[in-house]
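Visitor: Predicted model and sequence follow; I will ask about them next.
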Amino acid sequence: MELIKNNIHMNVLKKNMVTTFYVNHEGTVNEACPAMKSIICHKEKALAEQVCVRNNQLVVEGNLAYEILYYPEEGETVHGIEGETMFRETLKIPEVEEAEARVTLEVISASVKLIDGRNYLYKISVMAYITVEQLNDFQSTRVVPDEETMVMDKEIEVLETVANKTEMFRINETMELPTGKPAVETIVWKDIRISSLEPKILNHQMELNGALSVFILYLPDVENGTEQWYETSLPFHGIVEMEEAEEGLISYVDGILHTVNLSVEMNQDNEMKQVNLSALMRLDTKLYEEQKYRTLVDLYSPKKEIIPEFEEQKYYRLLVKNQARTKETIKIDIDETKGRILQLCQGTARLQIENVIAGDNGIKIMGKLIGEIIYVSSEDKNSICGQTKEVPFEHMIDAEGITAKDQYYIDWRTEQITSNMINGKQVEIKAVVAMEVIVFREVRERMIQKIREEELNVEEVGNLPLLKGYVVQQGDTLWQLAKKNRTTVESIKTVNGLQDETLRKGEKLLIVKSCQ
């Protein structure tokens, strides 16, 4: 008798962890740019390019890009510089010898110190959200029995991994500065973020619909012109070819802007007002399928000796997939040493998660919501200013039945951001924090992995009574009684006139041995 085995592929989530590391960088202002006098604001973005897990260590190699908006030593017009630095960091991951890891990096704090007008020192703190996975093949077993073999199987639900991959999606869009805005000479600051992303799984394709929030601060192409800015939402649409994709699959897609480039061209009126955006988005994509399998639980024969060998098998099933949204507000009091606010150029917000606790039918997310503004102050000189504020964030995502032992992925972003001046001393930022969670429940069961047949012990079988009475005990099943007494479930039901397999404690049964 031969077992039939089904190999089921699963990506087992081994560990979720958060850790922090630091990057130091010495930079120099390019000779084409004026020397720095004072920094208005700066922003940083960290990306993991290569990740390797081995011997309880994770090595992450990446790139840290930054922008600095500043006032020069000479003149009163703002300038901007961009730069980047590579880093290689080794992090400890206990109890993980070798696996695959997904690392999302977020800058949680950064400071820039001017050494002189041409040189500066960057100190950056980076938070790493680490997910360690391991490909695991789970085996469900079946057997084609002969007429003398009794088989018990059961149906199990397994969340099978169909795809776990990274795709790159290029966005190429054009925007036109509106009438009334002067033409562009130089873009000195840009802030482009994903404001919405809606993936849809089709047959062999993934359809993407979303939007980018775009803000630019630029110097106009007019003599003695003051700084100008433009903010808009730029929708995008596209198709990613994906052979494994099928309609109806469960998806989890995390999109990260990898690189963004802006260029300015003349429009039909020969004005430098056409802004071309080229961006590369990394899509960490997971596709799952809920499958039902019949798997062998037990077997025996009244007329021969069949010995099953059990092994504990581990598989995962989907517990819940849920999306949550919450409205948040940040009020920023303007630094009065820089004057009152006259105009608000940009207001935005981002979420920084610091801790996640699973349990009590939900996942509690804790961290900070960070509001950032660029504005024009009432000061005659150096009127472009920047300011930030952090407020505590806490939200519970519903996940019925979840426990601390369950595994999960979480993705988040801020969207529908609006900002308004309340008065000359305060700005209000409103944002929707969108979160998505997918939770897995680990199931462990003893399952048959091998069977062997041996000669029947004639003496032992002969000592069993041909006919015996039995009083049902708590927990008895017809299968157990039939297997123990060398008979079949159907035989016990027939002899005792049972309509189903339900037994009651104290019930009297007549059991007839099938093997003579």
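Guide: Sure thing, it's come through.

Visitor: Output the below-cut-off pLDDT ranges for this protein.
Guide: In the predicted model of the chain, residues 1, 459-463, 515-516 satisfy pLDDT under 70.

Visitor: Helices along that one, start to end?
Guide: For the chain, helices defined by DSSP state H occupy the ranges 458-463, 478-484, 489-496.

Visitor: Just say which of the ones you listed is most tucked in.
Guide: helix 478-484 (a mean of 18; mean count of other CB atoms under 10 Å). (Each C-beta comes from the backbone N, C-alpha and C, glycine too.)

Visitor: what's in contact with that one?
Guide: With CB atoms under 8 Å, 6 or more residues apart in numbering as the test, helix 478-484 has contacts from 150, 152, 298, 300, 302, 470, 488-489, 491-493, 498, 501, 503, 509, 511.

Visitor: Only alpha carbons, please: show it as PDB.
Guide: Output for helix 478-484, consisting of C-alpha atoms alone and laid out as PDB, is shown next (Å, rounded to 0.1, in the frame of the first residue of the first chain):
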ATOM      1  CA  LEU A 478     -17.000   4.000  16.700                       C
ATOM      2  CA  TRP A 479     -13.600   4.200  14.900                       C
ATOM      3  CA  GLN A 480     -11.700   3.500  18.100                       C
ATOM      4  CA  LEU A 481     -13.900   0.600  19.100                       C
ATOM      5  CA  ALA A 482     -13.800  -0.900  15.600                       C
ATOM      6  CA  LYS A 483     -10.000  -0.700  15.300                       C
ATOM      7  CA  LYS A 484      -9.400  -2.100  18.800                       C
END
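
Visitor: who wins for proximity to Ala101 among the helices of the chain?
Guide: Proximity of these to Ala101 was assessed by CB to CB; the nearest stretch is helix 478-484, lying at 44.6 Å.

Visitor: now the closest one: how far from the chain's centre is it?
Guide: Here the centre of mass of C-alpha atoms in helix 478-484, compared against the chain's by CA atoms, centre = their mean, to the nearest Å, lies 48 Å away.

Visitor: Then stretch 419-437?
Guide: When distances are taken as CA atoms, centre = their mean, stretch 419-437 is centred 25 Å away from the chain's centroid.

Visitor: Can you mark which positions in that stretch are buried?
Guide: Residues of stretch 419-437 classed as buried: 419, 421, 427-437 (neighbour count, 16 or more other CB atoms under 10 Å).

Visitor: cool, stretch 168-186 as well?
Guide: Buried residues in stretch 168-186, defined by neighbour count with 16+ other CB under 10 Å: Phe169, Ile171, Met175, Leu177, Pro182, Ala183, Val184.

Visitor: Distance-wise, check Glu73 relative to Lys364.
Guide: Separation of Glu73 from Lys364 (CB to CB, to the nearest Å) stands at 49 Å.

Visitor: now swap in Asp500 and tell me
Guide: Applying CB to CB, one obtains 45 Å for the distance of Asp500 from Lys364.

Visitor: okay, the two: which has more neighbours?
Guide: More neighbours surround Lys364 than the other of Asp500 and Lys364, with 14 against 7 (other CB atoms under 10 Å).

Visitor: Skipping its backbone neighbours, what lies nearest the more buried one in space?
Guide: Ile357 (4.5 Å; CB to CB, 6 or more residues apart in numbering).

Visitor: Return the residues in contact with that neighbour.
Guide: Shown here is Ile357, whose contacts under the criterion CB under 8 Å, 6+ apart are Ile363, Lys364, Met366, Ala404.

Visitor: Could you report the neighbour count for the first one?
Guide: Counted by other CB under 10 Å, the residues lying close to Ile363 total 24.

Visitor: Quick one, which of the contacts of helix 478-484 are buried?
Guide: Neighbour-count burial (16+ other CB under 10 Å) is assigned, among these, to 150, 298, 300, 302, 470, 488-489, 491-493, 498, 503, 509, 511.

Visitor: Closest one of those to Tyr409?
Guide: Taking CB to CB as the measure, Tyr409 lies nearest Asp298 of the buried ones among the contacts of helix 478-484, at 35.8 Å.
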